[in-house]
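J.: can't give you the sequence, but here's the structure:
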């Protein structure tokens, strides 16, 4: 099975084309492209990984010019060490309470289900998202007989299928597995909840999200531009966006058009020129469209990413 078929067979809620685009963008290494700068204890380090693994090793011979996420710096010193790019869901504040947000994270190569569990128990790359599963509360995950089985650690039971922290695990593991397998939660080997199916997207996902750019992506060069993309369910498929400087002033604005809007989240994409912006930190903001045109106090869902222009 080739890469296209592998991604096509992924769970529908993962938006396979969106996932493939993100994978290809991160696997590419074009000259003058955007680069991810990782903030480490010793300062700012440029990630220079030699390989990305997405369950299988991925490479791309036709990279998108002008856009690239650098790979995780854990492989910079040893090209033989691979990483895998996984979709991870986190809980974040939303217009109507709390909802799930997705980011693509690079983690050490190995069992993807186990890697996803470990990633959910660490702070997200985007500081706006929250960790609701402390370290040690999710011990292991494996494919069972028509289910994904998760062994819980030292954590209270009494969860409900509709709880957002439960849906975070379900959405993440189904996306990683590429199948809509229900998730069973066990403790000491005994079932405590499930099998649990994914709740409808409009009930639990933030209604607009950013897949690219990633948090902290840097752009440089005379042709620097952001290839921004994500998913949304926004009025008339309109996805307004802004770039704000460090004072909160809007320096760019426009809109993208999603592929649909009413029944679930649909992919959106747009390219934004940042070549003439002064060097500094900026915030890329997307939101759902206001159906009242500002006449009423509508609930507007947003997602943001910090970007750097060098």
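T.: Alright, I've got the coordinates. Quick caveat: nothing in here was measured; it's all calculated off a predicted structure. Numbering: from 1, shown residues only.
J.: from the centroid of the protein, which residue is nearest?
T.: Here the mean C-alpha position of the chain is nearest to the C-alpha of residue 103 (CA atoms, centre = their mean), at a distance of 1.5 Å.
J.: Provide the secondary structure category for that residue.
T.: Per DSSP: H, G, I helix; E, B strand; the rest coil, the secondary structure class of residue 103 is strand.
J.: so where's the stretch 1-150 of the chain shaky on pLDDT?
T.: 1-81 (pLDDT under 70).
J.: which residues touch residue 86?
T.: 54, 104, 105, 106, 107, 112, 115, 116, 119, 175, 176 (CB atoms under 8 Å, 6 or more residues apart in numbering). For every residue, glycine as well, the C-beta is placed using N, CA and C.
J.: specify the helix with the largest residue count in the chain.
T.: As assigned by DSSP state H, the longest helix anywhere in the chain is helix 164-177.
J.: next structured bit after that helix?
T.: strand 183-187 (DSSP states H and E).
J.: and the contacts of the following helix or strand past that next one?
T.: Once strand 183-187 ends, the next helix or strand along the chain (criterion: DSSP H and E) is strand 190-196. Strand 190-196 has contacts (CB under 8 Å, 6+ apart) with 147, 152, 157, 159-161, 166-167, 170, 182-186.
J.: how about stretch 262-272?
T.: 13, 15, 17-18, 21, 200-202, 205, 207, 209, 225-233, 237, 239, 241, 243, 252, 254-260, 284.
J.: could you list the low-pLDDT ranges of the stretch 201-310 of the chain?
T.: Checking the stretch 201-310 of the chain against pLDDT under 70 turns up 294-297.
J.: tell me where it has strands.
T.: 208-212, 217-219, 225-232, 238-244, 250-257, 266-273, 280-287, 302-309 (DSSP state E, counting those that start in this stretch).
J.: so how far is the second one from its chain's centroid?
T.: Read it as strand 217-219. A distance of 17 Å separates the centroid of the chain from that of strand 217-219, by CA atoms, centre = their mean, to the nearest Å.
J.: which parts of the stretch 51-200 of the chain are helices?
T.: 112-120, 164-177 (DSSP state H, counting those that start in this stretch).
J.: which secondary structure elements does the longest one contact?
T.: Counting by 3 or more CB pairs under 8 Å, 6 or more residues apart in numbering; DSSP states H and E, the packing neighbours recorded for helix 164-177 are strand 83-94, strand 97-108, helix 112-120, strand 138-143, strand 148-152, strand 183-187, strand 190-196, helix 201-204.
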